[in-house]
Each structure stands twice: as C-alpha cells, then as structure tokens.
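In: coords below, sequence missing:
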C-alpha cells in the first residue's frame, strides 16, 4: 500500500543550527501537508503543497515539494527552542491521507 | 473560540470493557476523523465521517465503532475486541469533505489498560 517514509526519526541540534526533515513516497502524491506536534500536544497544520516543484516559506521555515511530487522537505533556519516538537508530513494519494512517522526535533540552548 | 473538544484526557480500560471517547466540534465542519497515534509511528486512520449518519472504515477499524448522529459529535467506542488499545487517540475535523483539506485536531485522549 501507499507509504510515506520520513527521515530522520530524531534530531538533536544546537540552538541556531539548521534542521531538515524529508518525506519520500514511491508513488506520486496529489499533495502533501505538514504538521507540527509540540510535546504533549496535538498536531497543528502548518502548510499544504500542491504543485510540482512548489516552494513555500513561513518565516524561518521553508517547505519544498519535489518536481515528481514524490518527495518533500521542511527546512528550519537557525532553530530556536520554540521549534521543539515532532514534525509530520502527510501525503495525499487520491482520497487517502497517509502520515509519515514524524521527525522529533530537540533543540539545545 | 471554535475548536474540537475531546474528553476525557486520560482513560483507563479494564479487560473486557468497552469505553467511549468523546469528540465534539463547534467549527461547523462537515467531516470528522479518528486517528490512533503510537510511539514512533505516524497517525493511523480508524474511522471517518463526511456527513451525518454516514461513516467509513479507515485502515485500522477492527475493534472500534463510531456513530455520527449529529454534525458536531463523533464518538469513538473502543470495544473489548481491540486487544491492544493502549494509545493516544486524536479526533480531527475538516471544513470540506475531502482529505485535501487541512485537518484540525483536538487535544487527544490517552487510553491505557488497567
């Protein structure tokens, strides 16, 4: 079945360093959504990418959707302690939304 | 403020017992969803409902049941047939009926076995 692989599983960075998480699918996605879940909290929608090669920015966060619509990345520039949490991608295959396992980000101050 | 309310926050289940998790939304959203979250795994869809009085099985529906008698409410029952119910359960809703809409989540219910 459809599967979204997300890497790395876990990353621990020094405050001010950059962070990137990647999502990969073996088949083409209709779109991809990104969510952030703070420790002890619930996932919160960040953004949705629909077009091939699309790049969107939200302050220090940059989201990319691959040309083949099979992969996506989230890059955070100069991480802050407020960035801690788990970042999930969710790929849409027709009418089926499949979540990646998430990347846990920890930031050392 | 509009949002999704899940209750209780923590729930304990005895062997052979059915338990019901509540999910209420005042966002006037059409569709509602139940997900299960286990450590190190992505969210897995249990059931979803796009309109009142209709619902569909997700990927892991066995051992669970739902109802959608009102637009605002989508309770999930974890039955005794669910042998490994310990998990974090998240309810979500979307404005439209399609999964391309952003999901709005409640705060979750953490279910444990006694």
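Out: Cool, got the structure. Since this is a predicted model, take the numbers as computed values, not measurements. Numbering: from 1, shown residues only, chains lettered A, B, ... in the order given.

In: What ranges does the chain have for its strands?
Out: Just so you know, I chose chain A. A:4-7, A:10-14, A:19-25, A:31-37, A:43-49, A:55-58, A:61-65, A:71-76, A:85-93, A:96-99, A:103-108 (DSSP state E).

In: let's do chain B instead
Out: Counting by DSSP E, the strands of chain B are B:4-7, B:10-13, B:19-25, B:31-37, B:44-51, B:54-57, B:64-66, B:76-78, B:87-94, B:104-105, B:109-113.

In: and residue 23, how many neighbours?
Out: Chain wasn't specified; assuming chain A. 27 (other CB atoms under 10 Å in any protein chain shown). For every residue, glycine as well, the C-beta is placed using N, CA and C.

In: oops, chain B please
Out: The burial count assigned to residue B:23 is 24, neighbours taken as other CB under 10 Å.

In: same check, this time on residue A:52
Out: So residue A:52, with other CB under 10 Å, has 12 neighbours.

In: Run through the residues that contact it.
Out: For residue A:52, the contacting residues are A:65-69, by CB atoms under 8 Å, 6 or more residues apart in numbering or on different chains.

In: Pick out the residue of chain A closest to chain B.
Out: Relative to chain B, the nearest point of chain A is residue A:99 (3.3 Å; CB to the nearest CB).

In: beta partners of that residue?
Out: Under the criterion DSSP bridges, residue A:99 forms beta bridges with residue A:90.

In: still on that earlier bit, of all the strands of chain A, which lies closest to residue B:29?
Out: Of all the strands of chain A, strand A:43-49 sits nearest to residue B:29, with 13.0 Å by CB to CB.

In: got the angle for the closest one vs strand A:31-37?
Out: Strand A:43-49 runs at 150 degrees relative to strand A:31-37, counting by axes from the mean of the first three to the mean of the last three CA atoms, to 10 degrees.

In: any idea how far residue B:92 is from the residue nearest to residue B:94 when sequence neighbours are not counted?
Out: Nearest residue to residue B:94, sequence neighbours excluded (CB to CB, 6 or more residues apart in numbering or on different chains): residue B:101, at 3.8 Å. Taking CB to CB, to the nearest Å as the measure, residue B:101 falls 10 Å from residue B:92.

In: neighbour count winner among these two?
Out: Using other CB under 10 Å, the more surrounded residue of residue B:101 and residue B:92 is residue B:92, with 25 against 18.

In: mind checking pLDDT for the more buried one?
Out: What the model reports for residue B:92 is a pLDDT of 97.

In: these two touch, right, it and residue B:102?
Out: No: if you go by CB atoms under 8 Å, residue B:92 and residue B:102 don't touch, sitting 9.5 Å apart.

In: Point to the residue nearest the middle of chain B.
Out: Geometric centre of chain B, nearest residue: residue B:34, 2.8 Å, by CA atoms, centre = their mean.

In: partner residues bridging that residue?
Out: In this entry, residue B:34 is beta-bridged to residue B:47, residue B:91, by DSSP bridges.

In: what does chain B have sitting close to chain A?
Out: Contact residues (CB under 8 Å from any CB of the partner chain) of chain B with chain A: B:40-45, B:90, B:98-100, B:102-108.
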